[in-house]
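Trainee: Return a 3D structure for these sequence lines:
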Amino acid sequence: FEKAELLADDLKVPKNAEQRILAGTCYILEHNTHNGYTCLPLDRLQPKVCEYLQVSESEFLSAYQAAQKEGNLVSYQKETREFVYLPAYYEAEQYIADRIGVLRDFSAPEDQEIYLDLIKREETEQGIQYAELQRKAILSALSRGLLILTGGPGTGKTTTLNGMISLFEKQGYQVMLAAPTGRAAQRISDLTGYEAKTIHRLLEVEFDMAGATKFRHNESNPLTCDVMIVDEMSMVDVLLFESLLRALRFSCKLIMVGDSDQLPSVGAGNVLKDLIDSGQVPVVALNQIFRQAQQSCIVTNAHRIITGNYPDLQQKQSDFFFFQRLKTEDATQLILDLVKTRLPNAYHYHPMDDIQVITPSRKGLLGVIELNRRLQEVLNPPSRGKQEYKSVLYTFREGDKVMQIRNNYDLEWHKDGEPGAGIFNGDIGMIISGFTVLSFIACACKVSTNTTGTLNRTVFYGDIFTWCTVAKLFTKTVKARCGSRA
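Mentor: Now for the predicted structure:
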């Protein structure tokens, strides 16, 4: 927008031109989608636009009304407040609401006695006994076909999910598992033993005549599944969820699994929480911590925090340890020592494969950028013959652990001689071959996204612009860590 402003000045476009005010309004709305907002209240948007563009309230309202008539902006009245949307986000929310309503209306409870018998038989075959809420969740999934399953760590979500999948398959249903990120898909595959894919890979990205990206699967070409299970639903944003719903047949059952206490999605919207708060979707919230999970201080302290209680910081015999360091350098040195020496020696962990450092911020001496630099110094220092490339933030080096931080549908990869395309946000890999010190860089990077976690696809990053979508992964933010486990 700033570049367009300079061009508009050169062309003598008036400051109060409707097209300028519309462009500025769309820019502000689009900027706020990156902060998680699908819309803004008019009483907040109007002063922001007027201040940013240096126009009067009457000039803004005139341009706003014209934009509404032309369909460039959409308004929604809720009680006494008016909200303003970009059309794509309004249409996405409207479609989600309509589609969920249809799924709800067509998933009335059936004869539950039949399903209770199936659940009892499953318990006998597996040698387990479901808790009351687990049984309720499985029963609701089988009978209604629309369910949100929530619960904190250690409450038995995986056991419940495995029971659902087993019983669906015994009824002849084709089940698909999906998650918003590669790490989350890998994790649910490891836990259930069933193949899971990212939502992007499931929907299959392709390009239209104009070169814009779209999904191959939609209303005209739906996915061939009878049951769709989406894990880590708290990380799914509005636009992605709309695309997924469009790709499901109306007869398809939808099971959404997630923890509503986690941070919301990076993209716009807070879909899981909004669906729960709406009261329109059956919700089963597992809250019993099972005996095995009770032995984990991570689990018990997580539940203490969720319920507003202070965590136990004195326990030193489990998997939760608290170290107090009041000086930044002391804290940094402790982290380096833990990752390089103490944890590998005590638990036989591999510093690169088994340990992940997380921090709340990107900036500062204990932020992602600086900790990545310090950890690289001790875990993958420079050596003769090891090629590297210096970017604005990082020095990338052969052997570095890296993560894709933006969806790239064009990047080609090879696996066992077979080609493919598309590397997505959250995919993790390791730099394996060299850079050229010219106006561009060339780097091949193996990316791990399969169920076993082994490196199995080789990706070629051909220029510096493509390489800018990769970040080092010795340290990552709390936000980036949601949806996978350290």
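Trainee: C-alpha from now on. contacts and neighbour counts both.
Mentor: Noted.
Trainee: tell me the mean pLDDT over stretch 77-89?
Mentor: Mean pLDDT, stretch 77-89: 93.
Trainee: pLDDT (mean, whole number) over stretch 229-243?
Mentor: 92.
Trainee: Ends of that stretch, what's the gap?
Mentor: Using Cα to Cα, to the nearest Å, one end of stretch 229-243 lies 15 Å from the other.
Trainee: Measure how far that stretch is from the centre of its chain, please.
Mentor: In this view, stretch 229-243 has its centroid 8 Å away from the chain centroid, taken as Cα atoms, centre = their mean, to the nearest Å.
Trainee: what about residue 203, how many residues close to it?
Mentor: Using other Cα atoms under 10 Å, residue 203 has 21 neighbouring residues.
Trainee: List the residues that contact it.
Mentor: 215, 216, 217, 218, 223, 244, 247 (Cα atoms under 8 Å, 6 or more residues apart in numbering).
Trainee: Go through those residues and flag which are in helices.
Mentor: Counting by DSSP state H, the part of the contacts of residue 203 found in helices is residue 244.
Trainee: Could you tell me the per-residue confidence at the closest residue to residue 222 other than its chain neighbours?
Mentor: Excluding the flanking residues, the one nearest residue 222 by Cα to Cα, 6 or more residues apart in numbering is residue 247, at 4.5 Å. On pLDDT, residue 247 comes in at 95.
Trainee: thinking again about what came up before, in the contacts of residue 203, which residue is surrounded by the most others?
Mentor: residue 244 (24 neighbours).
Trainee: Distance of the residue most central in space within the chain relative to residue 101?
Mentor: Nearest to the mean C-alpha position of the chain, counting by Cα atoms, centre = their mean, stands residue 235 at 3.9 Å. Distance, residue 235 to residue 101, by Cα to Cα: 22 Å.
Trainee: Same question for residue 354.
Mentor: 43 Å.
Trainee: Quick one: the helices in the stretch 1-150 of the chain, in order.
Mentor: Along the stretch 1-150 of the chain, counting by DSSP state H, counting those that start in this stretch, helices occupy 2-10, 18-33, 42-53, 57-70, 87-105, 112-126, 132-144.
Trainee: before we move on, what about the stretch 201-350 of the chain?
Mentor: Assigned by DSSP H, counting those that start in this stretch, the helices in the stretch 201-350 of the chain fall at 238-246, 271-278, 291-294, 297-306, 328-337, 343-347.
Trainee: Who are the packing partners of the fifth one?
Mentor: Applying 3 or more Cα pairs under 8 Å, 6 or more residues apart in numbering; DSSP states H and E, one finds that helix 328-337 makes contact with helix 368-379.
Trainee: deepest of the helices of the stretch 201-350 of the chain, which one?
Mentor: Highest mean neighbour count among the helices of the stretch 201-350 of the chain (mean count of other Cα atoms under 10 Å): helix 238-246, with a mean of 21.
Trainee: how about the closest residue to residue 81 other than its chain neighbours, what does it touch?
Mentor: Excluding the flanking residues, the one nearest residue 81 by Cα to Cα, 6+ apart is residue 41, at 6.9 Å. Listed by Cα under 8 Å, 6+ apart, the contact partners of residue 41 are 81, 82, 83, 84.
Trainee: Which strand residues bridge the third one?
Mentor: In this structure, residue 83 has beta-bridge partners residue 41, residue 76, where bridges are defined by DSSP bridges.
Trainee: hang on, it packs against residue 75?
Mentor: Yes. Between residue 83 and residue 75 there is a contact at 5.5 Å, judged by Cα atoms under 8 Å.
Trainee: With neighbour numbers in mind, choose between the two.
Mentor: Shown here are residue 83 and residue 75; by other Cα under 10 Å, residue 75 has more neighbours (20 against 17).
Trainee: wait, what's in contact with the more buried one?
Mentor: Neighbouring residues of residue 75 by Cα under 8 Å, 6+ apart: 68, 82, 83, 84, 85.
Trainee: rerun that using 6 Å as the cut-off
Mentor: Contacts for residue 75 (Cα atoms under 6 Å, 6 or more residues apart in numbering) come out as 83, 84.
Trainee: do residue 311 as well
Mentor: Residue 311 touches 301, 304, counting by Cα under 6 Å, 6+ apart.
Trainee: and with 7 Å instead?
Mentor: 301, 304, 305 (Cα atoms under 7 Å, 6 or more residues apart in numbering).
Trainee: Any chance of TSV for those, columns distance to residue 145 and pLDDT?
Mentor: Shown next, in TSV, are the contacts of residue 311 (distance: Cα to Cα, whole Å; pLDDT from 0 to 100):
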residue	distance to residue 145	pLDDT
301	34	80
304	33	80
305	33	78
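Trainee: What is the nearest of these to residue 133?
Mentor: Proximity of the contacts of residue 311 to residue 133 (Cα to Cα) peaks at residue 304, which lies at 20.5 Å.
Trainee: Leaving out chain neighbours, which residue sits closest to the closest one?
Mentor: Excluding the flanking residues, the one nearest residue 304 by Cα to Cα, 6+ apart is residue 311, at 5.8 Å.
Trainee: Would you map the helices across the stretch 351-486 of the chain?
Mentor: Using DSSP H, counting those that start in this stretch, the helices of the stretch 351-486 of the chain run over residues 368-379, 464-467, 478-481.
Trainee: Any stretches of the stretch 101-250 of the chain with poor pLDDT?
Mentor: 107-111, 211 (pLDDT under 70).
Trainee: quick revisit: what are the phi and psi values at the closest residue to the residue nearest to the centre of the chain other than its chain neighbours?
Mentor: Nearest residue to residue 235, sequence neighbours excluded (Cα to Cα, 6+ apart): residue 265, at 4.0 Å. Backbone geometry at residue 265, expressed as degrees, to the nearest 10, gives phi -60, psi 160.
Trainee: ok, now which ones touch residue 265?
Mentor: 234, 235, 236, 237.
Trainee: Can you tell me how far it is from residue 354?
Mentor: 25 Å.
Trainee: Next one: the closest residue to residue 47 other than its chain neighbours from residue 45, what distance?
Mentor: Leaving aside its sequence neighbours, residue 47 sits nearest to residue 57 (Cα to Cα, 6+ apart; 7.7 Å). According to Cα to Cα, residue 57 stands 11 Å off from residue 45.
Trainee: Among the contacts of residue 203, name the ones in strands.
Mentor: Among these, the residues falling in strands (DSSP state E) are residue 215.
Trainee: For the contacts of residue 203, give me JSON lines that also has distance to residue 360.
Mentor: Formatted as JSON lines, those follow (distance: Cα to Cα, whole Å):
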{"residue": "215", "distance to residue 360": "34"}
{"residue": "216", "distance to residue 360": "37"}
{"residue": "217", "distance to residue 360": "37"}
{"residue": "218", "distance to residue 360": "37"}
{"residue": "223", "distance to residue 360": "38"}
{"residue": "244", "distance to residue 360": "31"}
{"residue": "247", "distance to residue 360": "36"}
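Trainee: so which of the helices of the stretch 201-350 of the chain comes closest to residue 150?
Mentor: helix 271-278 (9.6 Å).
Trainee: quick one on the thing from earlier: what is the nearest of the contacts of residue 265 to residue 285?
Mentor: The closest of these, once distances to residue 285 are taken by Cα to Cα, is residue 234, at 14.1 Å.
Trainee: All good on my end, thank you.
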